[in-house]
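1. Build me a model from this:
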Amino acid sequence: MTPAQCRAARALLNIEQSQLSQASGIARATVIDFEKGERSPRIATVAALRVALEAAGVEFIPENGGGVGVRLKKRSPRQGDLQLDD
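-> Down below sits the predicted model:
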C-alpha cells in the first residue's frame, strides 16, 4: 500500500486519520507521516493499516499496467453503509 492509496481509501470511506488510527491500533502521528511520505513504517504497520481499511470495505488494486489504486468492494444489496467501529 502506498501513501496515496491510504489517503484515497480513507476518502472513499469518508473517515479521518484518527478513525483509521483507532481501527488499526497505529498511532495517528504515524498515519499522518506515512500519508505525507515522511515516514517509511515497518511492514507490520502498513499491514495493520491495510487490514483496517479492507475490513471497512476497501479493495486495493495492484499494478496492472494502469497503476495501483483503490476501490470500494462490491456490496450485496443487504449490506448497510460502510462504517468503522467507533
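
2. Can you give me the pLDDT of residue 85?
-> For residue 85, the pLDDT comes out at 51.

3. show me where the protein has helices.
-> 3-13, 17-24, 28-36, 43-55 (DSSP state H).

4. Give the burial count for the residue nearest to residue 23 when sequence neighbours are not counted, as a bare number.
-> In space, and not counting its chain neighbours, residue 23 is closest to residue 52: 4.1 Å by Cβ to Cβ, 6 or more residues apart in numbering. C-betas here are computed from N, CA, C, even on glycine. Residue 52: 23 surrounding residues under other Cβ atoms under 10 Å.

5. Likewise for the one 4 residues further on?
-> Here the neighbour count serves as a burial measure; for residue 56 (other Cβ under 10 Å) it reads 21.

6. Ok, residue 28 next?
-> Neighbour tally, residue 28, other Cβ under 10 Å: 14.

7. Correct me if wrong: it contacts residue 21.
-> Yes: the criterion here is Cβ atoms under 8 Å, and residue 28 meets it with residue 21 at 4.1 Å.

8. picking that back up, among the helices of the chain, which comes closest to residue 72?
-> Minimum separation from residue 72 across the helices of the chain (Cβ to Cβ) falls at helix 3-13, 5.6 Å.
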